[in-house]
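S.K.: What follows is a predicted protein model with its sequence.
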Amino acid sequence: MHHETDALNFRLDLGVSDGQLTAAISEAQLDGKSLEQARLDNWNQTIANRLQNFGQKRSNVVLQAVAITPEAVTMAWVVQKK
């Protein structure tokens, strides 16, 4: 049996806004063909919603910074005493 594998390439930008993690996908290509912006907007909205839900569960935790290296994604969090 032969299984075809699709190649999905994209840029993912991580950042911090108001103590919340932000993530945005851009420059996405499936098998070398660019994906339409509407699909990327949809993905980015879904990611934003999930990250927002994650942040709401921890009102005393604030994300300070995100650092990305080839080896790891590192997030610095501050836990505030209530």
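M.R.: Alright, I've got the coordinates.
S.K.: How many residues are close by residue 63?
M.R.: 20 (other C-beta atoms under 10 Å). For glycine as for every other residue, the C-beta is placed from the backbone atoms N, C-alpha and C.
S.K.: make that residue 34, sorry
M.R.: Residue 34 has 10 neighbouring residues, counting by other C-beta under 10 Å.
S.K.: Could you check how far it is from residue 27?
M.R.: To residue 27, residue 34 is 8 Å away according to C-beta to C-beta, to the nearest Å.
S.K.: The helix or strand hosting residue 22: which residues count as buried?
M.R.: Following DSSP states H and E, the helix or strand that holds residue 22 is strand 20-30. Buried residues in strand 20-30, counted by 16 or more other C-beta atoms under 10 Å: 21-22, 25, 28.
S.K.: Same list (those residues) but as JSON lines, adding distance to residue 14 and pLDDT.
M.R.: Formatted as JSON lines, the buried residues of strand 20-30 follow (distance: C-beta to C-beta, whole Å; pLDDT from 0 to 100):
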{"residue": "21", "distance to residue 14": "7", "pLDDT": "82"}
{"residue": "22", "distance to residue 14": "7", "pLDDT": "86"}
{"residue": "25", "distance to residue 14": "11", "pLDDT": "94"}
{"residue": "28", "distance to residue 14": "16", "pLDDT": "95"}
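S.K.: so can I have JSON lines of those residues showing distance to residue 62?
M.R.: Converted to JSON lines, those look like this (distance: C-beta to C-beta, whole Å):
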{"residue": "21", "distance to residue 62": "11"}
{"residue": "22", "distance to residue 62": "14"}
{"residue": "25", "distance to residue 62": "24"}
{"residue": "28", "distance to residue 62": "30"}
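S.K.: Identify, from those, the entry nearest to residue 67.
M.R.: residue 21 (12.4 Å; C-beta to C-beta).
S.K.: thought that closest one was touching residue 47?
M.R.: No: in this structure, residue 21 is not within contact of residue 47 by C-beta atoms under 8 Å, at 9.5 Å.
S.K.: Great, nothing more from me.
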